[in-house]
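K.L.:
okay, predicted coordinates and the sequence, questions at the end:
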There are 2 protein chains.
Amino acid sequence: MERLRKHIEEITPLSDEEFEHIKTFFTLRKVRKHQYLIQEGDAVGYEYVVLGGIFKLFYLDGEGKEYIVQFARVNWWMCDYNAYFFKGKATLNAVCMEEGEVLCLTLQGREKLSADYHKMEHFFRVKLTNGYAALQRRITSLLSSTPQERYREFSELYPNLIQEIPKKYIAEYLGVSRETLSRLYSNGK
Amino acid sequence: MERLRKHIEEITPLSDEEFEHIKTFFTLRKVRKHQYLIQEGDAVGYEYVVLGGIFKLFYLDGEGKEYIVQFARVNWWMCDYNAYFFKGKATLNAVCMEEGEVLCLTLQGREKLSADYHKMEHFFRVKLTNGYAALQRRITSLLSSTPQERYREFSELYPNLIQEIPKKYIAEYLGVSRETLSRLYSNGK
DNA sequence: AAAAAAGTGTGATTTAAATCACACTTCCCC
DNA sequence: GGGGAAGTGTGATTTAAATCACACTTTTTT
């Protein structure tokens, strides 16, 4: 929980009492490899802040092919936000790729925290601001860049992830086949 | 300005005095066809709320090809948020496609409004929430859907836009060539 | 009202990437 | 520690979409 406090305080300072109350909205969950946090078709009760481990958020098409919308590591937030905010069924899946822990927050929790603490509303707004800007960049990249450029951008943005996760999944994130990705760096990148 | 009030009050009610003060942060600007609101390479001083007209936000690559990140019509917000929030140079362009009006808001304005009025911070958070969810869906679609599926999704989401803007630009939004898009609906969709 | 610019449909050709196929390696998990 | 699953590289083939080319239409501009 101390990690959560640090995370929030990167954006806004909290008093001890405030944090004592705020933290009651979060529940800790340990997650093992291959475990699902969100499953397509189910309601989405929580959003997740990663405390440790690696997760992927992905869409599964009719033929069983995966398309990775997001990876998530420590301090990343992860959810199928369409289902979560609008109380629909998940179209995305979230799975643990490397054992770790997450904190879970319900939508009511999020809204209550935002309503009760201007600070927390501010915190969420700043996080969303950053996230929105990042997604805008990702869209630009998906539209305009070649696979090799996307690979380069990715390795600059997440140099550590490149080492730690199978290239197969990086291909699924970049929107190319694993074979094409493999040829990108065996040939002259 | 009444339209702005209505727009904000879709999310949170405002007293007359509140709105009187809030509106001072916005400046009105009439925009003619082909006019730029944001130009690649420049600093991004404002974000824009559209009161009327149609706008496109796009990336221009080295060969002069356009890739449309977003269209914007009444009540849509539009900006190169990476440049705006992080005070960098624009990599995107925003241009008027059909004469109209926008309200302009500086980053300090936005932050001041958010700090002074919990309500406004709430308003911005809700707008970002919706926007984030929409971009998450767009990414899923760009990764996993075929051009024909993306075209169908687009025409369901924005049936009116389909009529009103040249198909050429819809192609640039969907990430296909205009020829391919043209063949999609001449053949059996 | 005429000229220019922008947008559109459709065929022919090229091309980048997907798919298929298979051998090899590494990672887990019983 | 051995067996199966998961991941990887590389060639051959197929395929969807980009590109090129051009005629035609519509919209803007002056």
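P.N.:
Yes, it's here. All values reported here derive from a predicted model rather than from experimental measurement.
K.L.:
how close does residue A:187 sit to DNA strand C?
P.N.:
Residue A:187 sits at a distance of 11 Å from DNA strand C (criterion: CB to the nearest atom of the strand, to the nearest Å). Every residue, glycine included, has its C-beta placed from N, CA and C.
K.L.:
show me what contacts that residue?
P.N.:
For residue A:187, no contacting residues are found, by CB atoms under 8 Å, 6 or more residues apart in numbering or on different chains.
K.L.:
repeat that for residue A:101.
P.N.:
Residue A:101 touches A:28-31, A:50-53, counting by CB under 8 Å, 6+ apart.
K.L.:
ok, the spatially most central residue of chain A - contacts?
P.N.:
The C-alpha lying nearest the average C-alpha coordinate of chain A belongs to residue A:78 (CA atoms, centre = their mean; 3.4 Å). Residues near residue A:78 by CB under 8 Å, 6+ apart: A:37, A:47-50, A:55, A:57, A:70, A:72, A:94, A:102.
K.L.:
find the nearest non-adjacent residue to it, please.
P.N.:
residue A:72 (4.1 Å; CB to CB, 6 or more residues apart in numbering or on different chains).
K.L.:
thought that neighbour was touching residue A:52?
P.N.:
No - the pair residue A:72 / residue A:52 is not scored as a contact, 10.9 Å apart, by CB atoms under 8 Å.
K.L.:
what about the residue nearest to the centre of chain A, distance to chain B?
P.N.:
Using CB to the nearest CB, to the nearest Å, one obtains 11 Å as the distance from residue A:78 to chain B.
K.L.:
ditto for residue A:89
P.N.:
Separation of residue A:89 from chain B (CB to the nearest CB) stands at 14 Å.
K.L.:
give me phi/psi at the spatially closest residue to that residue that is not a sequence neighbour?
P.N.:
Counting by CB to CB, 6+ apart, residue A:41 is the residue found nearest to residue A:89 once chain neighbours are left out, at 5.4 Å. Dihedral pair for residue A:41: phi 100, psi -20, per degrees, to the nearest 10.
K.L.:
which one of residue A:72 and residue A:52 has more residues nearby?
P.N.:
Per other CB atoms under 10 Å in any protein chain shown, whichever of residue A:72 and residue A:52 has more neighbours is residue A:72, with 23 against 14.
K.L.:
mind checking how far the more buried one is from residue A:181?
P.N.:
Using CB to CB, to the nearest Å, we find residue A:72 at a distance of 21 Å from residue A:181.
K.L.:
contact partners for the residue nearest to residue A:78?
P.N.:
A:48, A:50, A:54-57, A:78, A:94.
K.L.:
from these, pick the one nearest residue B:6.
P.N.:
Nearest to residue B:6 among these, counting by CB to CB, is residue A:78 at 34.5 Å.
K.L.:
and that closest one, what are its bridge partners?
P.N.:
Counting by DSSP bridges, residue A:78 is bridged to residue A:48.
K.L.:
look up how far residue B:72 lies from it.
P.N.:
Using CB to CB, we find residue A:78 at a distance of 28 Å from residue B:72.
K.L.:
next, see if the longest helix seen in chain A gets close to chain B.
P.N.:
If you go by DSSP state H, chain A has its longest helix at helix A:118-144. Yes - interface with chain B: helix A:118-144 contributes A:118, A:121-122, A:124-125, A:128-133, A:135-140, A:142-144 (CB under 8 Å from any CB of the partner chain).
K.L.:
residue A:141 and residue A:150 touch, don't they?
P.N.:
Yes - Residue A:141 is in contact with residue A:150 according to CB under 8 Å; the separation is 5.7 Å.
K.L.:
now chain A, which segments are flagged as low pLDDT?
P.N.:
When residues are selected by pLDDT under 70, those of chain A lie in A:188-189.
K.L.:
what about the strands in it?
P.N.:
A:27-31, A:36-38, A:46-60, A:66-72, A:77-78, A:92-106 (DSSP state E).
K.L.:
just checking, what packs against the longest helix of chain A?
P.N.:
helix A:107-116, helix A:147-157, strand B:46-60, strand B:66-72, helix B:81-85, helix B:107-116, helix B:118-144 (3 or more CB pairs under 8 Å, 6 or more residues apart in numbering or on different chains; DSSP states H and E).
K.L.:
what angle do the third one and helix B:107-116 make?
P.N.:
When you say that, I think you mean strand B:46-60. Using axes from the mean of the first three to the mean of the last three CA atoms, to 10 degrees, one finds that strand B:46-60 and helix B:107-116 are set 130 degrees apart in direction.
K.L.:
same question, the second one
P.N.:
Using the same axes, to 10 degrees, the direction of helix A:147-157 lies 50 degrees away from that of helix B:107-116.
K.L.:
is helix A:147-157 in proximity to DNA strand C?
P.N.:
Yes - Helix A:147-157 is in contact with DNA strand C by CB under 7 Å from any atom of the strand, via residue A:147.
K.L.:
that helix - contacts with which helices or strands?
P.N.:
Packing contacts for helix A:147-157, counted by 3+ CB pairs under 8 Å, 6+ apart, involve helix A:118-144, helix A:159-164, helix A:167-174, helix A:178-186.
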